[in-house]
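Participant: Next one to model:
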Amino acid sequence: MKSVKNHNATGASIVRKLRTSKLSNGMPFMIHVKELASNQCYYEFPNGVIELVSIMTPKEMSTIKTLTKSEANRLRKQLDFEVVK
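Facilitator: From the prediction side, this is the model:
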């Protein structure tokens, strides 16, 4: 049986691969962070921009803030994400 730690590491690895794939293919990647409100998340775009957004409905969202490059890099570091080019 896999330990919880190994299971979490495997899940994190899968998320990193999915993120790289989506961004490399020109698609945005939604980042959920438990510190945010339940209707908020980050959207990372292939050009490196990250926005904090509020989900209004399943098809509508509103940008709360566009992170500065420094803030975006800090978030990537916190999540152990590499910059995708």
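
Participant: Count the neighbours of residue 76 for me.
Facilitator: The local packing count at residue 76 equals 18, with neighbours defined by other Cβ atoms under 10 Å. To be clear about C-beta, it is placed using only N, CA and C from the backbone, and glycine gets the same treatment.

Participant: Apart from its neighbours in sequence, what residue is nearest it?
Facilitator: The shortest distance from residue 76 to any non-neighbouring residue, by Cβ to Cβ, 6 or more residues apart in numbering, is to residue 83 (6.7 Å).

Participant: burial of that neighbour, as a residue count?
Facilitator: Here the neighbour count serves as a burial measure; for residue 83 (other Cβ under 10 Å) it reads 9.

Participant: for residue 42, same thing?
Facilitator: Once other Cβ under 10 Å is used to define contacts, residue 42 is seen to have 21 neighbours.

Participant: How about residue 29?
Facilitator: Residue 29 is flanked by 19 other residues according to other Cβ under 10 Å.

Participant: Phi first, then psi, for it.
Facilitator: Main-chain dihedrals, residue 29, degrees, to the nearest 10: phi -130, psi 130.

Participant: Likewise for residue 12?
Facilitator: The phi and psi values for residue 12, taken as degrees, to the nearest 10, are phi -60, psi -40.

Participant: Need the nearest residue in space to it, chain neighbours excluded.
Facilitator: Setting aside the residues directly before and after it, residue 12 is nearest to residue 80 in space (Cβ to Cβ, 6+ apart), at 7.3 Å.

Participant: what's the answer for residue 75, then?
Facilitator: The nearest residue in space to residue 75 (Cβ to Cβ, 6+ apart) is residue 50, at 6.3 Å.

Participant: give me the beta-bridge partners of that neighbour?
Facilitator: residue 44 (DSSP bridges).

Participant: which residues are contacting the helix or strand of the chain with the lowest mean pLDDT?
Facilitator: The helix or strand of the chain with the lowest confidence, counting by mean pLDDT, DSSP states H and E, is helix 4-24 at a mean of 81. Residues external to helix 4-24 that are found in contact with it (Cβ atoms under 8 Å, 6 or more residues apart in numbering): 2, 28, 29, 44, 45, 46, 80, 81, 82, 84.

Participant: Nice, that's everything, thank you.
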